[in-house]
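Chemist: Output the structure for:
(one chain, ligands or ions: 1)
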Amino acid sequence: MAAVKLIGSPISPFVLRTMIALSLKKVEYELLPEKLGEKSELLLKSNPVYKKIPVLIHHDRPICESAVIVEYIDQVWPESGYGAILPADAYHRALHRFWTFYVDDKLFPSLVAIGKAETEEAKAEAVEQFRAGLRLLEEAFVKLSEGKAFFGGDQVGFLDVMLGCFVVWIEAMEEVLSLELLEEATMPALHGWVVSFRAHEAVKEVMPESGKVVEFFKMIRAMRMKAAADAAN
Ligand SMILES: N[C@@H](CCC(=O)N[C@@H](CS)C(=O)NCC(=O)O)C(=O)O
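Modeler: Predicted coordinates:
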């Protein structure tokens, strides 16, 4: 029996966060996949409050919420040869946590809004809101990275993991909807960050294939459109 288990699928950006952290720390684990639209008994028992993935199970004890799980992994496996994912300095830790809160509270919902927009006008508005949200992270990146490759400086840090999990989804939406969300002209630093993040060995190991995310995004869009059409009839 593996001491570490992870309930979830890498296609979920929140699950991907925890997989990147486990990969950075070289922790072996067993992935317990959840099927789309279904919730296993184990998930319901392990995360009875939110009933969401990811859930990390360590020595039969569940830990829920991706940000909490990444911090847990960082603290439980400090001697992995990688070093700390969270910054050593309390102020920088606070900034990484602040921007993580921002990503979950503002940026992610605005990304979802693009996919859900029903008219061209609503889509254009959602796209502009998302780009404005990213521009704030462009500024944050310039300050936090201090000219280095990552939010964490020389190495992938907490905020890199928390934002980086959305990169493949942003790219998939750009492809399917034929638009540029992370504009190179207005966000050159974030553009460079994406290249460094994607090239990192621990990230490459767990990042889902772009084609799979594109297909998944097309599928959920088709399901949403069918549900809307059925409701209108
Ligand atoms: N705040 C949670 C969000 C997790 C989340 O939304 N997970 C989605 C998959 S991407 C889920 O389980 N959705 C199923 C549902 O909402 O019932 C975290 O950071 O772990």
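Chemist: what pLDDT, on average, does stretch 98-114 get?
Modeler: Mean per-residue pLDDT for stretch 98-114: 97.
Chemist: Span of it from start to end?
Modeler: By Cα to Cα, to the nearest Å, the extent of stretch 98-114 from end to end equals 24 Å.
Chemist: Tell me how far the residue positioned nearest the centre of the chain lies from Arg61.
Modeler: When Cα atoms, centre = their mean is applied to the chain, the residue found nearest the centroid is Cys165 (2.7 Å). Relative to Arg61, Cys165 is positioned 24 Å away (Cβ to Cβ, to the nearest Å). The C-beta positions use only the backbone N, C-alpha and C, and glycine is treated the same way.
Chemist: what does Ser80 give?
Modeler: On the measure of Cβ to Cβ, Ser80 and Arg61 end up 20 Å apart.
Chemist: Compare those two (neighbour count), which wins?
Modeler: For Ser80 and Arg61, the more surrounded residue by other Cβ atoms under 10 Å is Ser80, and the numbers stand at 16 against 8.
Chemist: What residues does the more buried one make contact with?
Modeler: Counting by Cβ atoms under 8 Å, 6 or more residues apart in numbering, Ser80 makes contact with 24-27.
Chemist: cool, and Gly157?
Modeler: By Cβ under 8 Å, 6+ apart, the neighbours of Gly157 are 85-87, 96, 150-151.
Chemist: ok, the residue nearest to it when sequence neighbours are not counted to Leu144 distance?
Modeler: Distances taken as Cβ to Cβ, 6 or more residues apart in numbering place Phe151 nearest to Gly157, at 5.4 Å, with adjacent residues excluded. Going from Phe151 to Leu144 by Cβ to Cβ gives 5 Å.
Chemist: Now the common contact residues for the two.
Modeler: Joint contacts of Phe151 and Leu144 (Cβ under 8 Å, 6+ apart) are 96, 99, 159.
Chemist: Of the residues you listed, grab the buried ones for PyMOL.
Modeler: To isolate the buried members of these in PyMOL, using 16 or more other Cβ atoms under 10 Å:
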select buried, resi 96+99+159
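Chemist: Could you save the shared contacts of Phe151 and Leu144 as CSV and add columns showing secondary structure and distance to the ligand?
Modeler: Shown next, in CSV, are the shared contacts of Phe151 and Leu144 (DSSP: H, G, I helix; E, B strand; the rest coil; distance: Cβ to the nearest ligand atom, whole Å):
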residue, secondary structure, distance to the ligand
His96, helix, 15
Trp99, helix, 14
Leu159, helix, 14
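Chemist: The least confident helix or strand in the chain by mean pLDDT near the ligand at all?
Modeler: In the chain, no helix or strand scores lower on mean pLDDT, DSSP states H and E than helix 210-232, which sits at a mean of 91. No: using Cβ under 6 Å from any ligand atom, helix 210-232 stays clear of the ligand, with a minimum separation of 10.8 Å.
Chemist: Quick check: buried residues in that helix?
Modeler: 213-214, 216-217.
Chemist: Just the residues contacting it, thanks.
Modeler: Helix 210-232 is contacted from outside by 11, 115-116, 118, 168-169, 171-173, 175-176, using Cβ under 8 Å, 6+ apart.
Chemist: Taking the residues you listed, please make a ChimeraX selection of just the buried ones.
Modeler: Applied in ChimeraX, the following selects the buried portion of those according to 16+ other Cβ under 10 Å:
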select :11,115,168,169,171,172,173
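Chemist: Between the contacts of helix 210-232, which sits nearest the ligand?
Modeler: Ile11 (8.1 Å; Cβ to the nearest ligand atom).
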